[in-house]
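J.: Requesting a structural model of the entry that follows:
(chains A and B)
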Amino acid sequence: MIGFFLTRLFSALLVVFGVTLIVFLLLHLVPGDPVEVMLGEMAQPADREALRHALGLDLPLWQQVLNSFGQLLRFDFGQSLFTKQPIVEMLAERIPATVQLALAGLAVALVLAFPLGILAALNRGSRWDYGAMTFSLLGVSIPNFWMGPLLILFFSVMLGWFPVSGKEGFASLVLPALTLGTALAAILSRMIRATLIEVLGEDYIRTARAKGMSEAVVILRHALRNALLPTITLIGLQLGTLLAGAVITEAVFSWPGLGQLTIDSIHRRDYPVVQACILLISVTYVVVNTLTDLVYGWLDPRIRLAGRAS
Amino acid sequence: MIGGKTIRVWIPAALCALWVVVAATGSWLPLAPNEIHLDRILLPPSSQGLLGYDDLGRAILDRLALGAQTSFLVAAWVVTLSLLIGTTIGAVSGYVGGWVDHVVVRIIDVLLAFPGILLAIALAGVLGPGIDNVVIALSAVGWVGFARLARAQVLAQRQREHVLAAYALGAPARRILFVHVVPMILAPLIVEGTFAVAGVVIAEAGLSYLGLGVQPPEASWGSMIRDGARYMLVAPHMVLAPGVALMLVVLAVNLLGDQLRDYLDVRTRGEMQSAGA
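T.: A predicted model of the protein is given here:
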């Protein structure tokens, strides 16, 4: 058990190391001189040297790499070129909005996916199934940046129920959460349908029914519980889709979270902020995935035993 | 699941064919995507302009055709590059094994640790706008899925009898890999490639929506949606037309991918598709 946890933690650390390295190298992919790109051609030589020094670009490469790891460990990402604010403060300001949006999107996804997936599985081949799977296909095929404007057009412009953009109160959260949650709901409902159909064919379901248990108990206690395991993993894995989707959704609704900060900073060529945002989002994703893995191993002993065997 | 071969095969096939034909012949069609008509600004669809006009008085139908070229060009390049690079790296890594495989697996793990389209956004943002950089950014992210799939498939194939026979006959590794192993793993890779087309179309539009893709006066369905969103109150057709085009192409490609997967009897399904969500 402990061996399983340690192996997973170690490989997560390796991945975080690699992610940091790639994010660090991003700055070196800027065509030409990154300092010139950030400050513009007309900048004073003294300002350029100051920035070069502040970013550590005047140091040898290996020292820059080491510094960037040191910064990560100290949560010190320097300051924004644009606002001169410490980047950590900027991130801290934006995190709550993104977390709020991601959680609301997840809630929407769960509320939509479970009834749809269960209905489809129980009425396989029926209109319900057909409808749920059409929804799923549409949900995967409609990107956030079109879903958002569509919802705005219908609910804000035509019906006037919700604000068009921004973050003011609960009403402003509804449309972004719907936009973000639908795509995940599409993937999840498919998964729930497939696993539930598989589980419903098992012998113990027939036994439960033969014992004369009510259909509700058979479905909720016996079938759904066993179908939940793969679904939990999928939710963990899809959190990345949720976080990346949040970047675009935030841009659509001018939602003041990390995603919008990332995009705004790209347009301002404020690359240190871009690096910090990408790093934060990716590391969060790695942490969540590792936790999912660990929880899954804890819930299902077969997983950790298989891990030991290989 | 969905009734009728018409819905599942013929309509998607026709839509894809239309997309490819418009993309391939676009430069010969009598289109004027950049012609500005000041008297037709934001005009809704009518007999004169089938899909109406945008905020600069340009015909939306013509700009849709230009957007089709952009999306097809990017999808064709990115999927071809990703497929070639990913398959080669994954297949060689799986076949050679040892420390090479170890390093490749670590690199794949790290690249998959970036959620969805995020790394492509960062790359496109750093490299600067333009269609070339979109192709580079999406390929840099896209090869990983193919590499992982190819590696897994090669591991499953390398102990098969015909491969062992070739080895016993003294065939060189390169010949065994590319003549005896890779042809056996093409089916799942082609299915993955089909879904990747849908993913790349969405991703390209997404980057262009964020202003990181093609630049004006070039058109992308993504940048058309962004421009249209600003005039939603007065000219909803500006945001509806490119969105419907995008959705239809993605739906059609996904449906064809499903068919292809069933036809080739491939069970694995990659994550490329969700990359653009």
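J.: From here on, just use CA atoms for contacts and neighbour counts.
T.: Noted.
J.: any low-confidence regions in the stretch 151-277 of chain B?
T.: Across the stretch 151-277 of chain B, residues meeting the criterion (pLDDT under 70) sit at B:266-277.
J.: On the pLDDT front, check residue 134 for me.
T.: Here I'm looking at chain A. Taken from the predicted model, the pLDDT recorded for residue A:134 is 88.
J.: My question was about chain B, not that one.
T.: In the predicted model, residue B:134 carries a pLDDT score of 94.
J.: I'd like the distance from the residue nearest to residue A:126 when sequence neighbours are not counted to chain B, if you could.
T.: Counting by C-alpha to C-alpha, 6 or more residues apart in numbering or on different chains, residue A:120 is the residue found nearest to residue A:126 once chain neighbours are left out, at 7.7 Å. From residue A:120 over to chain B the distance is 11 Å, taken as C-alpha to the nearest C-alpha, to the nearest Å.
J.: For residue A:193, see how far away residue A:120 is.
T.: In this structure, residue A:120 lies at 6 Å from residue A:193, with C-alpha to C-alpha, to the nearest Å as the measure.
J.: what about the residue nearest to residue A:126, which helix or strand?
T.: Assigning secondary structure by DSSP states H and E places residue A:120 in helix A:87-122.
J.: tell me which residues in that helix are buried?
T.: By neighbour count with 16 or more other C-alpha atoms under 10 Å in any protein chain shown, helix A:87-122 contains the buried residues A:87-88, A:90-91, A:94-95, A:97-98, A:101-110, A:112-114, A:116-122.
J.: Same check on stretch B:124-136?
T.: By 16+ other C-alpha under 10 Å, the buried positions in stretch B:124-136 come out as B:124, B:125, B:126, B:127, B:128, B:129, B:130, B:131, B:133, B:134, B:135, B:136.
J.: Surely the first one is within a helix?
T.: Read that as residue B:124. Yes. Residue state for residue B:124 (DSSP: H, G, I helix; E, B strand; the rest coil) corresponds to a helix.
J.: re earlier: what's the helix holding residue A:120 packed up against?
T.: In this structure, helix A:87-122 makes packing contacts with helix A:127-141, helix A:171-200, helix A:225-253, helix A:258-268, helix A:271-299, judged by 3 or more C-alpha pairs under 8 Å, 6 or more residues apart in numbering or on different chains; DSSP states H and E.
J.: so which residue of the stretch 51-200 of chain B comes closest to chain A?
T.: In the stretch 51-200 of chain B, the residue found nearest to chain A is residue B:115; the distance is 4.2 Å by C-alpha to the nearest C-alpha.
J.: quick one: that residue and residue A:134, what's the gap?
T.: Distance from residue B:115 to residue A:134, counting by C-alpha to C-alpha: 26 Å.
J.: again, but for residue A:111
T.: Counting by C-alpha to C-alpha, the gap between residue A:111 and residue A:134 amounts to 17 Å.
J.: try residue A:295
T.: Residue A:295 sits 32 Å away from residue A:134, taking C-alpha to C-alpha as the criterion.
J.: buried sites along stretch A:121-139?
T.: Buried residues in stretch A:121-139, counting neighbours by 16+ other C-alpha under 10 Å, are found at A:121-122, A:128-133, A:135-139.
J.: Now tell me what touches the helix or strand encompassing residue B:15 from outside.
T.: With the criterion set as DSSP H and E, the secondary-structure element containing residue B:15 is helix B:11-25. The set of residues that contact helix B:11-25 without belonging to it, under C-alpha atoms under 8 Å, 6 or more residues apart in numbering or on different chains, is B:65-66, B:68-70, B:72-73, B:248-249, B:251-253, B:255-256.
J.: for chain B, what are the nearby residues on the stretch 51-200 of chain A?
T.: Residues of the stretch 51-200 of chain A lying close to chain B (C-alpha under 8 Å from any C-alpha of the partner chain) are A:125, A:129-130, A:133-134, A:137-138, A:140-146, A:149-150, A:153, A:157, A:183.
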